[in-house]
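In: Pasting the sequence and the predicted model now:
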Amino acid sequence: MQGLETFYEVMRRQGITRRSFLKYCSLTAAALGLGPEFVPQIAHAMETKPRTPVLWLHGLECTCCSESFIRSAHPLAKDVVLSMISLDYDDTLMASAGHQAEAILHEVMEKYKGNYILAVEGNPPLNEDGMFCIIGGKPFIDQLRMVAKDAKAVISWGSCASHGCVQAARPNPTRATPVHEVITDKPIIKVPGCPPIAEVMTGVITYMLTFDRIPELDRQGRPKMFYSQRIHDKCYRRPHFDAGQFVEAFDDEGARKGYCLYKVGCKGPTTYNACSTTRWNEGTSFPIQAGHGCIGCSEDGFWDKGSWYARLTDLHNAGFGIEANADKIGLTAAATVGGAVAVHAAVSALKRAQHKGDVGHQGDAK
Amino acid sequence: MSSIEHPDIGRPDEFHVDGETAGRVTAVYVYEAPVRLWHWINALSITVLAVTGYLIGSPLPTLSGEASAHYLMGTIRFLHFAAGYIFAVGFVFRIYWAFVGNHHARQLFVLPFWRRSFWAGLLGEAKWYLFLERRPKKYIGHNPLAQFAMFWAIGVGSIFMIVTGFALYSEGAGPDSWQAHLFGWVIPLLGGSMAVHTWHHLGMWAILLFVMIHIYAAVREDIMSRQSIVSTMISGVRTFKDDDPD
């Protein structure tokens, strides 16, 4: 462990030129939405600050967050990023295993007590005392609580840690629980997405190291710089939405022309993420660009919100029977009320005719 | 009906309380001009909101040609937002008028839960609607059943639609907008943007059901009850068809 080595020294040791280093600083500033005057500040921080240790734990998850993270293109390449944050424990990526790996965890926790960042990928299942996820012979929930105790801050990577994701979808047999419901006494940065965008992940870490504070968070605990707008707000197909040009079915004329995917269930209008601006794999593409609607993977409970191909939420979980949505329920209720009104009007007319002659009855004693 | 000009036709010495029956009066000035104006502006804005809101949820068939040649969804959304603002401003004004207007103006916002006579009156009206009562009572303001329906559909319903509506609007206006500061908390509370859309949508259907019943009941009451209904929302004056006590 080279705890006192700065980021810059690590980069230089790995053969990064100063020129590339400064380029990296400018790109990071741009990615974080900062002006050029922040570039020297980032460079200065990188040159002088010792690397902050990051302990990366894995609970119930699929490792898609790690897969995404190692493909980060814009705070430079993956190897630099991995050296930069001094990733001291990550059971998926680290070379050591078994007792040796667990020993590092304890060593870092002691040496950097209160100064390390805990990154969590996945979440702890709470049913059966946490037996559904065992790390090093112990329930993951115990490891999570232990490491979180002395952490400076917690990063919840991905929708699993932030919201629960697929393992917490109904009926959630293992009672998979998002991190913030288990760890309540630490600042938690949620970086949802399944997986989150690589550049968003590295951007959050870079911000925290550069400015020595957690990024500004929104009401739901997500960094504002990446999660303050919906996919829809910056979608390149938005002009087709405003014009009223929609894909009515996949493979129709509209689909070939790249019209808006709203009618085939795109969740862009209800999903907060940076996909439509940052895109994926070095800015190559993102789902909507590939012709498929957004599935809303960075939104809380997206597995339980009904079909990926329907705009209206399924309400069969609310006891309205399968196939139900707001419009079907509304139309049924309107038809029922309309029918009732018609019958009531008919009976009223009959009653009125019946009592036409009665003076003082029915209120119309004309 | 000789003296409509005078705002308090009938017995000047009698203080008319909402929910109480009318007794021996033939015409009372009930709805002041601002209340009537609000009613019709509200009716119009609800119509625009329901139609445009439905079309936002289920857009019209796709248009061909260049995107730059059309702005259909943009126009529909603009109409929805404009009508929404009118609806909200009107509602805020209506609350203000409940304080400064006559006591009938307060009835929309009050549910006299603890008043026994209210529930007795509501039961009586329900019986009249179920054809179990041969003769309804005369009411100066809303009858208890109408008051109950309006309190929930228009009083509470409007607040619900305004709060969820501005919460959804704040998503486009951005996290630093006043809409987000005032109403943004609704989105995580109801379980995310998608859920708020669904609730807002269901709210529209609930209000539409009220509108159907409201229009039917108003017309029916006009024909079959003992007091005027539809014309009262135009002239402001409630007239009674008979002079019987109670």
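Out: Noted; the coordinates are in hand. Numbers count the residues shown, from 1 in each chain, chains lettered A, B, ... in the order given.
In: rest of the way, CA atoms for contacts and neighbours
Out: Noted.
In: what's the nearest residue to B:Gly165 if we skip its chain neighbours?
Out: B:His200 (6.9 Å; Cα to Cα, 6 or more residues apart in numbering or on different chains).
In: how close does the one you found sit to B:Ile56?
Out: 12 Å (Cα to Cα, to the nearest Å).
In: and the residue in the stretch 51-200 of chain A that chain B sits nearest to, how many residues sit next to it?
Out: Closest contact between the stretch 51-200 of chain A and chain B, by Cα to the nearest Cα, is at A:His163 (10.9 Å). Neighbourhood size, A:His163 [other Cα atoms under 10 Å in any protein chain shown]: 28.
In: picking up where we left off before, so which strand or helix has the residue nearest to B:Gly165?
Out: B:His200 belongs to helix B:193-224 when assigned by DSSP states H and E.
In: what about that helix, average pLDDT?
Out: For helix B:193-224, the per-residue pLDDT values average out at 93.
In: before we move on, what about stretch A:303-314?
Out: 84.
In: ok, now stretch A:148-164?
Out: Stretch A:148-164 comes out at a mean pLDDT of 95.
In: swap in stretch A:289-300?
Out: 94.
In: Also stretch A:324-340?
Out: 87.
In: re the thing from before, pick out whichever of B:His200 and B:Ile56 has more residues nearby.
Out: Neighbour totals were compared for B:His200 and B:Ile56, and B:His200 leads with 21 against 15 (other Cα under 10 Å).
In: ok, that one touching B:Ala167?
Out: No - using Cα atoms under 8 Å, B:His200 is not in contact with B:Ala167, being 10.0 Å away.
In: need the contact list for residue 133.
Out: Assuming you mean chain A. Each residue near A:Cys133 by Cα atoms under 8 Å, 6 or more residues apart in numbering or on different chains is listed here: A:Gly59, A:Leu60, A:Pro124, A:Pro125, A:Pro139, A:Phe140.
In: sorry, should have said chain B
Out: B:Gly124, B:Lys127.
In: quick one: pLDDT of it?
Out: pLDDT, B:Glu133: 85.
In: any idea how far B:Phe160 lies from B:Trp205?
Out: Applying Cα to Cα to B:Phe160 and B:Trp205 gives a distance of 13 Å.
In: Ok, A:Ser159 next?
Out: Distance from A:Ser159 to B:Trp205, by Cα to Cα: 33 Å.
In: Give me the more crowded residue out of the two.
Out: Counted by other Cα under 10 Å, A:Ser159 and B:Trp205 do not tie: A:Ser159 has more neighbours, with 29 against 21.
In: Quick check, the more buried one in contact with A:Ser298.
Out: Yes - counting by Cα under 8 Å, A:Ser159 touches A:Ser298, with 6.0 Å between them.
In: which residues are in contact with both of those two?
Out: Common neighbours of A:Ser159 and A:Ser298 (Cα under 8 Å, 6+ apart) are A:Pro192, A:Gly193, A:Cys194, A:Pro196.
In: okay, those in a markdown table with pLDDT and neighbour count next?
Out: Below are these laid out as a markdown table (pLDDT from 0 to 100; neighbours: other Cα atoms under 10 Å in any protein chain shown):
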| residue | pLDDT | neighbour count |
| --- | --- | --- |
| A:Pro192 | 96 | 31 |
| A:Gly193 | 95 | 27 |
| A:Cys194 | 94 | 21 |
| A:Pro196 | 94 | 24 |
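In: In those residues, find the pair that's most separated.
Out: A:Pro192 and A:Cys194 (6.9 Å; Cα to Cα).
In: where do the contact lists of the two overlap?
Out: With Cα under 8 Å, 6+ apart as the test, A:Pro192 and A:Cys194 both reach A:Gly158, A:Ser159, A:Cys160, A:Cys297, A:Ser298.
In: Could you count how many residues lie near the residue of chain B found nearest chain A?
Out: Closest to chain A within chain B is B:Tyr71: 4.1 Å, counting by Cα to the nearest Cα. By the measure other Cα under 10 Å, the count of residues near B:Tyr71 is 17.
In: Please enumerate the helices of the chain.
Out: Unless you meant another one, I'm taking chain A. A:7-13, A:18-31, A:39-48, A:64-69, A:78-84, A:98-111, A:140-149, A:158-163, A:198-211, A:224-227, A:238-243, A:253-257, A:275-278, A:326-354 (DSSP state H).
In: nope, chain B
Out: Using DSSP H, helices in chain B cover B:33-57, B:72-100, B:116-129, B:144-150, B:157-173, B:178-183, B:186-189, B:193-224, B:232-235.
In: Turn those helices into TSV, including distance to A:Ile214.
Out: As requested, the helices of chain B are exported to TSV (distance: least, Cα to Cα, whole Å):
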stretch	distance to A:Ile214
helix B:33-57	38
helix B:72-100	36
helix B:116-129	57
helix B:144-150	49
helix B:157-173	24
helix B:178-183	21
helix B:186-189	21
helix B:193-224	25
helix B:232-235	58
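In: between the ones you listed, which one is nearest to A:Ser86?
Out: Among these, if distance is taken as Cα to Cα, the winner is helix B:186-189, at 34.6 Å.
In: and the closest one with chain A, contact?
Out: Yes - for helix B:186-189, a contact with chain A is found by Cα under 8 Å from any Cα of the partner chain, at B:Pro188.
In: Can you give me the buried ones in stretch A:247-263?
Out: Buried residues in stretch A:247-263, counted by 16 or more other Cα atoms under 10 Å in any protein chain shown: A:Val247, A:Glu248, A:Gly254, A:Ala255, A:Gly258, A:Tyr259, A:Cys260, A:Leu261, A:Tyr262, A:Lys263.
In: now, which of those sits nearest B:Tyr129?
Out: Distances from B:Tyr129 to the buried residues of stretch A:247-263, taken by Cα to Cα, are shortest for A:Lys263, at 42.9 Å.
In: so who does the closest one touch?
Out: A:Lys263 neighbours (Cα under 8 Å, 6+ apart): A:Phe246, A:Val247, A:Glu248, A:Ala310, A:Arg311, B:Ser58, B:Pro59.
In: what about the stretch 101-250 of chain A, any weak spots by pLDDT?
Out: Scanning the stretch 101-250 of chain A for pLDDT under 70 picks out no residues.
In: Leaving out sequence neighbours, find the closest residue to the closest residue to chain B within it.
Out: In the stretch 101-250 of chain A, the residue that lies nearest chain B is A:Ala243 (4.1 Å; Cα to the nearest Cα). Among residues not flanking A:Ala243 along the chain, B:Tyr71 sits closest, at 4.1 Å (Cα to Cα, 6+ apart).
In: Spatially central, which residue of the chain would that be?
Out: In the absence of a named chain, chain A is used. Chain A has A:Pro192 as the residue nearest its centroid, 1.8 Å off, counting by Cα atoms, centre = their mean.
In: not quite, I wanted chain B
Out: B:Ile154 (3.9 Å).
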